[in-house]
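Enquirer: just coords:
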């Protein structure tokens, strides 16, 4: 079970945060809005980055969340404490490798800024009625994967399973862990499926651009 050190009430519900160490890195685990993650971090201006790797890959174009001032101060202090602990444990060669990796990431971000990061469009929302209730579907990128987000009066979140070819979408599980299926009109299903495919292609292009920038940056940094 995930452990969280802090809990705050926000407009989007309870926000839980915790800082932890993974090898020679410090991360923020978070939970809010029916979502959670293990790869969080902080920006220089005190924003919570939901996925540090995605933040670096996209040259800063990734989802962030504003935190209460109290949370920013606590999280930054905890991160600094872990980083100081890591630095004390590192050998000279490990510190050198760490600094090399840091310079590679910085140079990769420069390359992406110079050459441009492949764009990822925000697909439109598709709305229809099911059993008298309004249903909204949208393709969204999450951790590099195109997923289907669904909004209804009784359920909200990412669809656990769907088969748009057959016009079927599963709702997120309710408090009892039960997920039911709803039918999607054929025209809406086709449009959403196109959105998912196009979004995944764009996410793949951006990921490939990041990996290429890192490869080139590593060659530059290590050859200096």
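Expert: Looks like it came in fine. Not measured: the values here are computed from a predicted model.
Enquirer: Show me the strands in this protein, by range?
Expert: Along the chain, counting by DSSP state E, strands occupy 6-10, 13-22, 25-32, 35-42, 47-49, 64-66, 126-130, 133-142, 145-151, 156-158, 162-163, 168-170, 181-183.
Enquirer: list the buried ones in the biggest helix by length in the chain?
Expert: As assigned by DSSP state H, the longest helix anywhere in the chain is helix 186-223. Using 16 or more other CB atoms under 10 Å as the test for burial, helix 186-223 gives 188-189, 191-193, 195-196, 199-200, 202-203, 206-207, 209-210, 213-214, 217-218, 221. C-betas here are computed from N, CA, C, even on glycine.
Enquirer: same check, this time on stretch 153-162
Expert: 155, 157, 159, 162.
Enquirer: Over to stretch 21-31?
Expert: By neighbour count with 16+ other CB under 10 Å, stretch 21-31 contains the buried residues 26, 27, 28, 29, 30, 31.
Enquirer: what would the strands of the chain look like in a markdown table with distance to residue 94 and mean pLDDT?
Expert: Formatted as a markdown table, these follow (distance: least, CB to CB, whole Å; pLDDT from 0 to 100):
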| stretch | distance to residue 94 | mean pLDDT |
| --- | --- | --- |
| strand 6-10 | 30 | 84 |
| strand 13-22 | 15 | 88 |
| strand 25-32 | 13 | 90 |
| strand 35-42 | 21 | 88 |
| strand 47-49 | 25 | 87 |
| strand 64-66 | 30 | 83 |
| strand 126-130 | 50 | 93 |
| strand 133-142 | 33 | 91 |
| strand 145-151 | 32 | 92 |
| strand 156-158 | 38 | 87 |
| strand 162-163 | 45 | 91 |
| strand 168-170 | 46 | 91 |
| strand 181-183 | 51 | 90 |
